[in-house]
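*Asks:* need a 3D model of the sequence below.
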Amino acid sequence: MTRLKAQMRAPISVALGLFFLGTASQSASAACQLHSPDGRIKHVINIVFDNVHLRRDNPNVPSDLEQMPNLLNFLQSNGVVSGNNHTPLISHTAHDIVTGLTGVYGDRNGIPVANSYGFFKPDGSVGFSSSFLYWTALGGDGKPEMLNELGKTAPAPWVPYTRAGCDVGAFSVANIEFERVPDDVTTFYGAGSPQDLAVRADLASSSPATRQQATTDYLGIAIHCAVGSKLCQNGFAANDPLPDEPNGYVGFKGLFGNINVQPVISPSGPVKDLDGNVIADQFGHPGFPNGFSPLATQSLGYAATMLESGVPVVYFYIADAHDNRSAPGTFGPGEAGYVAQLKQYDIAFGKFFERLAKDGITKDNTLFTVVPDENDHFVGSAPTPANCDGIKVPCTYAKVGEVNAQIDRLLITQRANTTPFAIHTDDAPTFYLTGNPAPTAAVTRTMEHDLDALVATNPITGNTDKLSALLADQAEMKLLHMVTTSAARTPTLTMFGNENYFFVTVSKPPATACAVQSDCVFVGSGFAWNHGDFQRDITRTWVAMVGPGVKQLGRNDEVFTDHADVRPTVMALLGLSDDYLHEGRVVAEWINERALPDGIRDARENFIELAQAYKQLNAPLGRLGRASLVWSNRSVIATDKVYARYLKEIGDVTEDRDELAGQIKTVLDNAAFHHRPVDERAEDGLGDRAKRLIDHVEDRAERDRD
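*Replies:* All right, here's what the predicted structure looks like:
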């Protein structure tokens, strides 16, 4: 510990007092007033998975969840597991998690794409900002990172809980705890504060272990406290300001980083995982483990400790099991290392549920929600042997790895296009053409046509692949909720690519032509699971809920949902509300009649019919969104005359969609949170208008425009 860190420690008298937390923890949560209809919900546990799959990636190999029966059986036996849940676009970690946390898409939470986004500087050059920053941080364009439609910091997801007297714990979940050092420490505590100086001193050290200490101490862990919470009545707590929060947010405190959380929730020593190991970094320093890729035993262990210390609401994240967690590289379905890691995850969930049961935290008094950020697409050769199942017969692969394509060099080689640009590297890269030209500018139109023409020989299959699957211009990105109120963050275009490829540019410009294709297209062995794109196996994922008020439906894929629906459904089950309209809707189909808000219960069928039409109208991957993407691509690669006609028409469609969606979500919100049922006239009128607009866009997508 550095001397500056030692100076930040609480007085000994405070620390000693924390040893009596066993009795204090009971009162820490006693003030929490959740208002579930029957009053049974006392705890909320929200699990975010990174790319853990319900479906099978190889039909012979049991899926991730099938290999975690302790979790799958708990969910299917006690609640609902839907394999018909969808991500926003583009389908990527930061964006997907934040949409699930807030119930709004990127146009209202400030993240146009993830896990980073480009922005145009005043001189037309391009900078990049991480999508992972603490909630009150500024983005690279000088505007709030979490930028809402009013140009302010979007409402924070922990606020309804803390206002209700409930502390909220977070472990590795996007943007509700510190994400980067020194950035977030400086933003929160202030430049020159003891915390800021301590972190910067660590980062400036010549010792790798000391440099890591800043991350271990401050990232990935937080508790947002209710007013008067005993957990924040000590020298470890700091004011937790949200100056843009609707209706104000004054007097609240929080604990940030393991350096401040651990002494409060585990005063006897470091927090341990479910296997009894200290949760620590690679150098053995207790605190946030290496990077934002915690194992199940680590996340579940830290969450259990928070719950046992009196934190009634916990949000936490668990890394995927298909990347090698003990060495470099990645696995294909059914490989021995993949299967072994899933076994460890399964054991961890068995221990977690057993430990919670001993604490009296069960399905009878706790709302469990599980939401993977996205699915992803495996890139590799066929398995050997062909009939391997991973359990009795391990699978092996001659080649495992996404196909990396240097798209700037391919443009020069195949199209002689030397236009300067930057991209957000991805399976679905967003392009930022230097100078920020208009959509109708010749340089933009040429780039679109050239991207559409690119091909490559796949080094794994030997097939000739078209690299661009669908192109989305700025007008289409606006319809897909990818355009924020910061014009600087709006890309020139997005190329939804071939799902086997990951698109990059040269690390040291200028780019040159490829002498042979292997100079520019090659298998990258470090990663083999692509996401970010629009394809079904990437964007169609799953969601699960268990707890009082949730129907016991088991596996049920009947209802189309997306990540934005998680937040309003949770709020409705808890009897809480947000100070804004969600883009999602309450999934009433999963809630018992007696647990429904009375505004839904009194006209349930009207609500459900209108809500289902609304999702197909407004969700990026609803019928209108999918059809519009096809229409956009066809128009973008057509003649300028066709493109001009499309621009006028899609602008009108987006305006009509936004106006209609605004009316519908107001009606749905009034039913869910303001005791005003959906009357049949509103359901018929608004629902019919939604269906007509969807049909219109689908018709445009099916036409040949020449």
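
*Asks:* contacts and neighbour counts: CA atoms only from here.
*Replies:* Noted.

*Asks:* doesn't residue 413 lie inside a helix?
*Replies:* Yes. If the criterion is DSSP: H, G, I helix; E, B strand; the rest coil, then residue 413 is within a helix.

*Asks:* in contact with it, which residues?
*Replies:* 512, 513, 514 (Cα atoms under 8 Å, 6 or more residues apart in numbering).

*Asks:* derive a ChimeraX selection command for the buried subset of those residues.
*Replies:* The buried residues among those can be selected in ChimeraX (16 or more other Cα atoms under 10 Å) with this line:
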select :513,514
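
*Asks:* for residue 391, state which of the contacts of residue 413 is nearest.
*Replies:* Nearest to residue 391 out of the contacts of residue 413 is residue 514 (Cα to Cα; 43.0 Å).

*Asks:* would you confirm that that closest one contacts residue 410?
*Replies:* Yes. Counting by Cα atoms under 8 Å, residue 410 is a contact partner of residue 514 at 7.0 Å.

*Asks:* quick check: neighbours shared by these two?
*Replies:* By Cα under 8 Å, 6+ apart, the residues touching both residue 514 and residue 410 are residue 520.

*Asks:* kindly reformat the contacts of residue 413 as TSV containing secondary structure.
*Replies:* Formatted as TSV, these follow (three-state DSSP):
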residue	secondary structure
512	coil
513	coil
514	coil
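
*Asks:* ok, of the contacts of residue 413, which one's closest to residue 134?
*Replies:* After measuring the contacts of residue 413 against residue 134 - Cα to Cα - the closest member comes out as residue 512, at 38.7 Å.

*Asks:* residues in contact with that closest one?
*Replies:* Here residue 512 is in contact with 409, 412, 413 (Cα under 8 Å, 6+ apart).

*Asks:* make JSON lines out of those residues and add distance to residue 141.
*Replies:* Listed next are the contacts of residue 512 as JSON lines, based on distance: Cα to Cα, whole Å:
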{"residue": "409", "distance to residue 141": "29"}
{"residue": "412", "distance to residue 141": "30"}
{"residue": "413", "distance to residue 141": "34"}
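
*Asks:* between those, which is closest to residue 564?
*Replies:* Nearest member of the contacts of residue 512 to residue 564, counting by Cα to Cα, is residue 409, at 38.0 Å.

*Asks:* wait, that closest one sits on residue 508?
*Replies:* No. Look at residue 409 against residue 508 with Cα under 8 Å: they stay out of range, at 11.9 Å.

*Asks:* so for the two, which sits in the more crowded spot?
*Replies:* Using other Cα atoms under 10 Å as the criterion, residue 409 and residue 508 rank with residue 409 on top: 25 against 6.

*Asks:* show me what contacts the more buried one?
*Replies:* Contacts of residue 409 by Cα under 8 Å, 6+ apart are 505, 506, 511, 512, 513, 514, 520.

*Asks:* wait, the last one sits on residue 505?
*Replies:* No. Using Cα under 8 Å, residue 520 is not in contact with residue 505; the gap is 9.4 Å.

*Asks:* what is in contact with the two at once?
*Replies:* Going by Cα under 8 Å, 6+ apart, residues that sit against residue 520 and also against residue 505 are 405, 406, 407, 409.

*Asks:* need the residues that contact stretch 334-342.
*Replies:* In contact with stretch 334-342 (Cα under 8 Å, 6+ apart) are residues 61, 64, 67-68, 321-324, 331-332, 388-391, 394-396.

*Asks:* what's the weakest-modelled helix or strand in the protein?
*Replies:* None of the helices or strands of the chain scores lower by mean pLDDT, DSSP states H and E than helix 3-8, at a mean of 30.

*Asks:* buried residues in the helix or strand encompassing residue 689?
*Replies:* For residue 689, the host element (DSSP states H and E) is helix 680-702. Neighbour counts over helix 680-702 (16+ other Cα under 10 Å) mark 682-683, 686-687, 689-691, 693-694, 697-698, 700-701 as buried.

*Asks:* just stretch 598-605 next, same as before
*Replies:* Within stretch 598-605, the residues scored as buried using 16+ other Cα under 10 Å are 598, 599, 600, 601, 602, 603, 604, 605.

*Asks:* so the first one is in contact with residue 670, correct?
*Replies:* No. Using Cα under 8 Å, residue 598 and residue 670 do not qualify as a contacting pair, with a distance of 10.7 Å.

*Asks:* find the nearest non-adjacent residue to the residue nearest in space to the middle of the chain, please.
*Replies:* Nearest residue to the geometric centre of the chain (Cα atoms, centre = their mean): residue 97, 2.0 Å. The shortest distance from residue 97 to any residue other than its chain neighbours is 5.6 Å, reached at residue 373 (Cα to Cα, 6 or more residues apart in numbering).

*Asks:* I'd like to know how many residues surround residue 435.
*Replies:* 15.

*Asks:* now do the contacts for it.
*Replies:* By Cα under 8 Å, 6+ apart, the contact list for residue 435 reads 120, 123, 124, 125.

*Asks:* measure it to residue 157 for me?
*Replies:* 36 Å (Cα to Cα, to the nearest Å).

*Asks:* likewise for residue 366?
*Replies:* For residue 366, the distance to residue 157 - Cα to Cα - is 19 Å.

*Asks:* now residue 394
*Replies:* From residue 394 to residue 157 the distance is 43 Å (Cα to Cα).

*Asks:* now, of the contacts of residue 435, which are buried?
*Replies:* Taking 16+ other Cα under 10 Å as the criterion, what is buried in the contacts of residue 435 is 120, 125.

*Asks:* tell me which helix or strand residue 128 sits in.
*Replies:* strand 126-130.

*Asks:* and that strand, which strands flank it?
*Replies:* strand 116-120 (antiparallel) (DSSP bridges).

*Asks:* with only the CA atoms kept, save the strand it pairs with in CSV.
*Replies:* The C-alpha coordinates for strand 116-120 follow below in CSV (Å, rounded to 0.1, in the frame of the first residue of the first chain):
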residue,chain,number,x,y,z
SER,A,116,-15.9,2.3,-28.2
TYR,A,117,-17.2,4.9,-30.5
GLY,A,118,-15.7,7.5,-32.9
PHE,A,119,-16.5,11.1,-32.9
PHE,A,120,-15.6,13.9,-35.3
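
*Asks:* what sits up against it?
*Replies:* Strand 116-120 is contacted from outside by 111, 126-132, 140-141, 423-424, 432, 435-436, 488-491, using Cα under 8 Å, 6+ apart.

*Asks:* likewise for stretch 555-572?
*Replies:* In contact with stretch 555-572 (Cα under 8 Å, 6+ apart) are residues 36, 76, 80-88, 96, 99-105, 371, 577-578, 582-589, 596-597, 612, 615, 619, 672-673.

*Asks:* show me the residues you listed that map onto strands.
*Replies:* Among the contacts of stretch 555-572, DSSP state E puts 80, 81, 82, 83, 84, 85, 86, 371 in strands.

*Asks:* and the strands in the stretch 201-350 of the chain?
*Replies:* Along the stretch 201-350 of the chain, counting by DSSP state E, counting those that start in this stretch, strands occupy 221-224, 238-239, 253-256, 313-318.

*Asks:* just those: most buried one?
*Replies:* Of the strands of the stretch 201-350 of the chain, the one with the most neighbours on average (mean count of other Cα atoms under 10 Å) is strand 221-224, at a mean of 28.

*Asks:* partner strands of that one and their direction?
*Replies:* According to DSSP bridges, strand 221-224 forms sheet pairs with strand 168-171 (antiparallel), strand 253-256 (antiparallel).

*Asks:* for the record, mean pLDDT for the last one?
*Replies:* Averaging pLDDT along strand 253-256 yields 98.

*Asks:* swap in the first one?
*Replies:* Taken as a whole, strand 168-171 has a mean pLDDT of 98.

*Asks:* how far off centre is it?
*Replies:* Chain-centre distance of strand 168-171: 16 Å, with Cα atoms, centre = their mean, to the nearest Å.

*Asks:* can you list the buried residues in it?
*Replies:* Across strand 168-171, burial judged by 16+ other Cα under 10 Å covers 168, 169, 170, 171.
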